[in-house]
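J.: Dropping the sequence and predicted coords here.
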Amino acid sequence: MTDLADRQKLSYIAAQAADARLNVELETEGMTLNIGPQHPATHGTLRIIVRLDGEQVIWAEPGAGYMHRGYEKLTEVRTFPQVTALVNRIDWLGSFANEVPFILAAEKLMDVEAPPRAQWIRTILFELSRIANVSLFLGDLGVQLGAITPVFMAFRDREYVLNLIESATGGRFHPNFDRIGGLKEDLPAGWITETKQVMKKLRNFCDEIENLLFGNEIFQSRLRGIGVIPAEVAKQYGLSGANLRASGVDWDLRRDQKLPLAYDKVDFKVWTHPDGDSFARCWIRLQETREATKIVDQLLEGIPSGSVMAKVPRIIKVPEGEAWVSTENPLGEMGYYVVSKGDLGPFRVKIRSASFNNISIVPWVLRGVYVPDVISILASLYFILGDIDR
Amino acid sequence: MSDTPSAPELVHDTTREGVVTAMRAALGEGLIDSMIKPNDDVWVRVSADAWQQAGRVLRDTVGCEYFCFLSAIDWLPSPYGRGEDDPTAPLPERDSTIKQGYTGGSTRMQVFARVTNLQKHFGVTIKADVPDSEPSIDSWVTVYAGANWHERECHEMFGIDFNGHPDLRNMYLPTDFEGYPLRKDFPLLARMVKPWPGIVDVELLPGDDADEPAVSIEGEPA
Amino acid sequence: MTSAIVAADLPYWAQSLLRVLGGTVAVLLPAGTIVYLFLFKMMSFMQSRLGPMEAGPYGSMQLFAEVGKWLQKEDISPTRADKRVFRAAPLVVLTSTFLLVAVVPFGPDAYFTDFDAGVFYMLAVSSISTLGILMAGWSSANKYSLLGGLRAAGQLIAYELPMVLSVVGVVIQAGTMNLQQIVVKQNSDEIFGWNGIGFPYILTQFVGFLIFMIAVQAELTQTPFDMPIAESELVSGYMTEYSGFRFLIFFIAEFATAGVFALIASVLFLGGWGVPFSWFGWAPEGNVEIANWMNVGGPLIMFTKMMVLTGIIMWVRFSYPRFREDQLQRFAWKVLIPVSLINIMVTAILKVAF
């Protein structure tokens, strides 16, 4: 750990020296380069302005907001079920996961608990959306570094999960399945058997990716020791998810928070890594995908029977109050702070999205790295534009 | 076994009560109000002057090293309601009394933040009033480095100044944007242009009578 | 060239025409086959998809469709680009390919020039493409192209040295720099008295072969050495601003150069256009009476060997992530050059010993 931190310190000092040398000796400024908003590397329209000295970054500044849709304003004119449909689209790769914290917050305010069957199915779909999201990350990781083949396998295997989600909810990308008090409807027949098959395939995929990418020497030399984020900095900036655990912080909202989801009924391992570099972040996501398949397997074994919807009035009016619920989404910690005034819709919803915090660390972490490392660090931090910009 | 209804169970949430005690000890008058939902959550409200100090207390004494988010709430009820007004008619009269939520308040806008203690597994929501005349408050950048971006977004959306912030420019909106979108008196343009036609909004199936709408669901679009 | 195929003395203009046509075919045919077979089909199969299937049976006409598409595109150049340099750059890159193929022998009599300093010429001329890439990167008036061009400059110059040094071992073993002689020697020599397979230099120069292939991968800016292009960072590196016909020239040049380098590698290490002469009982030394049909068979054999080697190059390209620029340079200067120097030393010692 000290070794890597020293390397980071040294590169920071080198960057400062480079800047000083440039400005004093040559009286030139570095070259300012715009990475984005249209760029193959950024997952969407993220603009990063870097100032370079040759190939080394002197400072970097992300410019977000090209996809700002004003979600927090939009929620103020919508009813609670309408907000559910809206909120699907924040993190569009694992979209069921976006609905869950909001629904849980509304249920907290209404003092309604979904029946056990609904809670289990919610958890299963939550983990499926995590698998869908992170398997794309694993494929895309190769593309960012130049390995163009694994991404096709990732998309192929992700299709199975998307088909599952579609057969259960009706939508591949935007299920809009969660309702206050439960779910829209029950699972179709044969879904459980199908899911077990798919989980096996996904585990094979994880092994494949581990051999193809993570075992590759070039991959390792591109990612090890790059973009080291110490634990204190990670906590200060509010990094979450795999980024936080890669810095050695043992914090997983599934295990450490009591939520009406079925996580306390299953055994799963929370993966951490002491290094805090890009490799750690990517490696942890791989392990978490595998872990998610195991969680789904365990959950499938013991889904309780019963109804999937609690008794809630037809017209949902949430009583006055404030509630905060956050869950361990695929991208990190996503939470909603819902303020209600007893209306049909919320008074104010503060959407705490994981990628916003994850990207706020970019100016700090990109000091003194090379241009190719900019790409690999961004890839390892893993953000979705909809999550940053809401 | 008695006829009188039993007293409600008094649940003691020692962790969260300890938080409030620690904050009161450190801030004294700065801590104005607090609210605990046992085994659930804790809210505290501090005065605007004690905002930065409260952040430090939370980080160092209470042990909440993890910065979750920082934002603001505008407690003015929206003069535009839910965007269902006819744009050609004058605005109907709406109740505009400001009523704050948990832990009260005395101003229209409040900043609030959430920090988490990763060891003891609890989080604290902290609020502070922002003076109405000159909305400004101290910046939390020196306390939590991550507050930088959150304060920028808060500033551009609500118009709250953060004293001591190194670089308070817009996060999402262009630099020359006028107005503060998340304030309640800033209208949602989409609803100005086309008000929400009400919650009954189901298209007729081909062949159905216009007099007899297919479904009429109040309040729950299927 | 005394065209043994035609078996008659052609007038000089006919010979020149044959040479030109032959050279064009020798450059474009490998390029086309490589693009179809490896880029369209092998890459697709590796990525568990089918590749182009619509144009022609199994997508075989896709190449012509692509050429047609590129040809009919508008020729855009950036306003602030240096126009003459911008236009000349692709041609410089393609010229080096044609110059390279001029010295490759395809048969006992089927060659363009019989150069006594063939190896020397070949190594020198292959550096001309570096110029073209630098010209393209600089004249594009685009910061990304500039980055790509600068990376290319460093990389290509760095990997010239291992390429040169790895070939020196072959030259020491063959005792000549004439590529035709090298081929003849490989096919007629014996290994400790057994001439069953001739003496392809890959057997003793396997280290040199490996280094040569790695250096070729870098000279072609193929992954894992494709920092100058680096699709996910620089869009297309030095080729970003090129469209239409000019991009087509870059595209053809990339794959044609891959083919020509594979041809050269097969000449140097795999025995070139020949199969071991002992199979046909041709005299091993002096006046080699090689049958005339070898002038037809030679190109075919060369084609096969080239396809095998290019297949390896492409296979590696589709599998590996890319090196970072400084890792690339470190690899060239600290690993490849010392190893190739040791290779030369060992070859020289063993040549004297045996």
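T.: Sure thing, it's come through. Numbering: from 1, shown residues only, chains lettered A, B, ... in the order given.
J.: Name the residue most distant from the centre of chain C?
T.: residue C:79 (34.4 Å; Cα atoms, centre = their mean).
J.: Next up, the contacts around that one.
T.: Residue C:79 makes contacts with residue C:141, as judged by Cβ atoms under 8 Å, 6 or more residues apart in numbering or on different chains. Every residue, glycine included, has its C-beta placed from N, CA and C.
J.: near chain C, anything from the lengthiest helix in chain A?
T.: Using DSSP state H to assign secondary structure, the helix with the most residues in chain A is helix A:116-145. Yes. Contact between helix A:116-145 and chain C, assessed by Cβ under 8 Å from any Cβ of the partner chain, occurs at A:142, A:143, A:144, A:145.
J.: Out of these, who's the most crowded?
T.: residue A:145 (29 neighbours; other Cβ atoms under 10 Å in any protein chain shown).
J.: SS state for the most centrally placed residue in chain B?
T.: Ranked by distance to the mean C-alpha position of chain B (Cα atoms, centre = their mean), the top residue is residue B:73 at 3.6 Å. Following DSSP: H, G, I helix; E, B strand; the rest coil, the label given to residue B:73 is strand.
J.: and the worst-scoring helix or strand of chain B on mean pLDDT, which residues are buried?
T.: One helix or strand of chain B scores below all others by mean pLDDT, DSSP states H and E: helix B:189-193, with a mean of 81. By neighbour count, with 16 or more other Cβ atoms under 10 Å in any protein chain shown as the criterion, the buried positions of helix B:189-193 are residue B:191.
J.: how about the CA coordinates for it, as CSV?
T.: Taking Å, rounded to 0.1, in the frame of the first residue of the first chain, the C-alpha atoms of helix B:189-193 are listed here in CSV:
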residue,chain,number,x,y,z
LEU,B,189,-41.2,25.1,-18.6
ALA,B,190,-42.4,21.9,-20.0
ARG,B,191,-45.6,22.2,-17.9
MET,B,192,-46.0,25.8,-18.8
VAL,B,193,-46.0,25.0,-22.4
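J.: And the helices in the stretch 151-300 of chain A, which stretches?
T.: Remark: helices assigned in the stretch 151-300 of chain A by DSSP state H, counting those that start in this stretch are A:191-209, A:217-223, A:231-237, A:242-246, A:253-256, A:278-301.
J.: could those be laid out in JSON lines, adding distance to residue C:200?
T.: Conversion of these to JSON lines gives the following (distance: least, Cβ to Cβ, whole Å):
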{"stretch": "helix A:191-209", "distance to residue C:200": "36"}
{"stretch": "helix A:217-223", "distance to residue C:200": "30"}
{"stretch": "helix A:231-237", "distance to residue C:200": "57"}
{"stretch": "helix A:242-246", "distance to residue C:200": "50"}
{"stretch": "helix A:253-256", "distance to residue C:200": "61"}
{"stretch": "helix A:278-301", "distance to residue C:200": "41"}
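J.: Please work out which of the ones you listed is packed deepest.
T.: For the helices of the stretch 151-300 of chain A, the stretch with the most neighbours on average is helix A:242-246, a mean of 29; neighbours defined as mean count of other Cβ atoms under 10 Å in any protein chain shown.
J.: distance between it and the chain's centre?
T.: 11 Å (Cα atoms, centre = their mean, to the nearest Å).
J.: Mind listing residues that contact that helix?
T.: Outside helix A:242-246, the residues that touch it by Cβ under 8 Å, 6+ apart are A:229, A:234-235, A:251-252, A:270-273, A:275-277, A:280-281, A:283-285, A:288, A:332, A:358, A:381-382.
J.: Can you report how many residues neighbour the closest residue to chain B within the stretch 251-390 of chain A?
T.: With Cβ to the nearest Cβ as the measure, residue A:315 is the residue of the stretch 251-390 of chain A nearest to chain B, at 3.3 Å. Using other Cβ under 10 Å, residue A:315 has 12 other residues around it.
J.: these two touch, right, it and residue A:344?
T.: Yes. Using Cβ atoms under 8 Å, residue A:315 is in contact with residue A:344, at 7.0 Å.
J.: Which of the three states applies to the residue farthest from the centre of chain C?
T.: coil.
J.: Out of the helices of the stretch 151-300 of chain A, which is closest to residue C:310?
T.: When the helices of the stretch 151-300 of chain A are ranked by distance to residue C:310, counting by Cβ to Cβ, first place goes to helix A:217-223 at 21.3 Å.
J.: could you check whether that closest one is close to chain C?
T.: Yes. Applying Cβ under 8 Å from any Cβ, one finds that helix A:217-223 is in contact with chain C at A:218, A:219, A:221, A:222.
J.: Can you give me the neighbour number for the closest residue to the third one other than its chain neighbours?
T.: Nearest residue to residue A:221 in three dimensions, chain neighbours excluded: residue C:327, at 5.9 Å (Cβ to Cβ, 6 or more residues apart in numbering or on different chains). Burial of residue C:327, expressed as a neighbour count using other Cβ under 10 Å, amounts to 17.
J.: buried set for the helix or strand harbouring residue C:327?
T.: Assigned by DSSP states H and E, residue C:327 belongs to helix C:325-330. Within helix C:325-330, the residues that qualify as buried are C:325, C:327, C:328, C:329, counting by 16+ other Cβ under 10 Å.
J.: Done for today, thanks.
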